[in-house]
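K.L.:
Fold the following and give me the result.
(one chain, ligands or ions: 3)
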Amino acid sequence: MSENGTFEPNQRSIRVIGAPTDYGQDRRGVDMGPSAIRYGGLSDRLAEAGVATEDAGDLLVPRAEERDPDYRTPSQGKARFLRETEDVCTRLRGEVRESLADGHTPLVLGGDHSIAIGTVAGAAADADIGAIWFDAHADLNTPTTTPSGNVHGMPLAALLGVDEWAGVDWANAPSLSRENVAIVGLRSVDDDERDLIAESEISAYTMSDIDRRGLADVVSDALDVATDGTDGYHVSLDLDWLDPTIAPGVGTPVRGGVTYREAHHSMEQVAEDGGMRSMELVEVNPTLDQHNETAELAVELAASAFGKRIL
Ligand SMILES: NC(=[NH2+])NCCC[C@H](N)C(=O)O
Ligand SMILES: [Mn+2]
Ligand SMILES: [Mn+2]
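P.N.:
Ligands and ions are numbered 1, 2, ... in the order given. A predicted model of the protein is given here:
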């Protein structure tokens, strides 16, 4: 432990990859997430956590003005911008896979949550992984069940190969198996998602579970789920997991989220466990934020997940 309260350099080296998309939802500005997160002090905070970091820059993502807003992939239901999402996720999958092969821990900056399809497909390409999905939402819709047409409500279903997501090659579906997935912090669930959770082995921890048991206990269960028989796990951190009073800069805020300290403690549990193989920070929308506080919070939480400690 060094004098300023952080660990001595740990073994990890991180490769940051920006995925500046807004295809997966309907509020503009979330494509500025990677800039806001870097501007929020990412490299400094990770250095304080004692990890070596390199930044691979952002994937090239065409602007909304260059694309056809009415495009629908006919065979894939109501999902909007699926072709564009496939293009970004296919490239992201390659970047994440290569980072891991090079010995780095990928830290992907969104962008909306649809990019998780690419991140996890890459992380699962050469390993059996679990996933912990810190989110207010289940993200278990399909192009048929989606109430919004927004692909950011579908990535977990895509990765599990639910219904028409089965066999979708750019998701490498299934990249995850249901018994190794834990969703933590649920408080906004659509009817079909509820049915899927009820009939499957997905571990879903709601805010009510957290009220009753405490978040530390829930996260320790989630870690058991994600590590059971796997080579490690992916952490997908949707900033709408947090209460909107402390994370206002998100497109789909839901009241009643986790607190500042609860969130840090969860990330400290992840760091202590040591089995995280990849991480992503998604849904930060600086145009909806207050003085970049949501991006700064994302940065702080990443630092905790990578080993920053108070003492
Ligand atoms: N990653 C997110 N913020 N997802 C929100 C999804 C909201 C809703 N369940 C939908 O499918 O449209
Ligand atoms: Mn969400
Ligand atoms: Mn989400």
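
K.L.:
Give the helix, strand or coil label for residue 205.
P.N.:
strand (DSSP: H, G, I helix; E, B strand; the rest coil).

K.L.:
Pull the contacting residues for it.
P.N.:
182, 183, 184, 185, 186, 218, 221, 222 (CB atoms under 8 Å, 6 or more residues apart in numbering). Using the backbone N, CA and C atoms, a C-beta is placed for each residue, glycine as well.

K.L.:
Kindly indicate which of those lies nearest residue 116.
P.N.:
The shortest approach to residue 116 among these belongs to residue 183, at 12.3 Å (CB to CB).

K.L.:
Mind listing what's buried along the helix or strand containing the closest one?
P.N.:
When secondary structure is defined by DSSP states H and E, residue 183 falls within strand 181-186. Under the neighbour-count criterion of 16 or more other CB atoms under 10 Å, strand 181-186 has 181, 182, 183, 184, 185, 186 buried.

K.L.:
Quick check, the third one in contact with residue 156.
P.N.:
Yes - using CB atoms under 8 Å as the test, residue 183 is close enough to residue 156 to be in contact (7.4 Å).

K.L.:
Mutual contacts of the two, please.
P.N.:
With the criterion set as CB under 8 Å, 6+ apart, the overlap between the contacts of residue 183 and residue 156 is 133, 138.

K.L.:
Next one, pLDDT for residue 62 please.
P.N.:
At residue 62, the predicted lDDT confidence score is 86.

K.L.:
Not counting sequence-adjacent ones, nearest residue to it?
P.N.:
Spatially, and ignoring its direct neighbours in sequence, residue 62 is nearest to residue 84 (7.3 Å; CB to CB, 6 or more residues apart in numbering).

K.L.:
quick one: the one you found is in a helix?
P.N.:
Yes - using three-state DSSP, the assignment for residue 84 is a helix.
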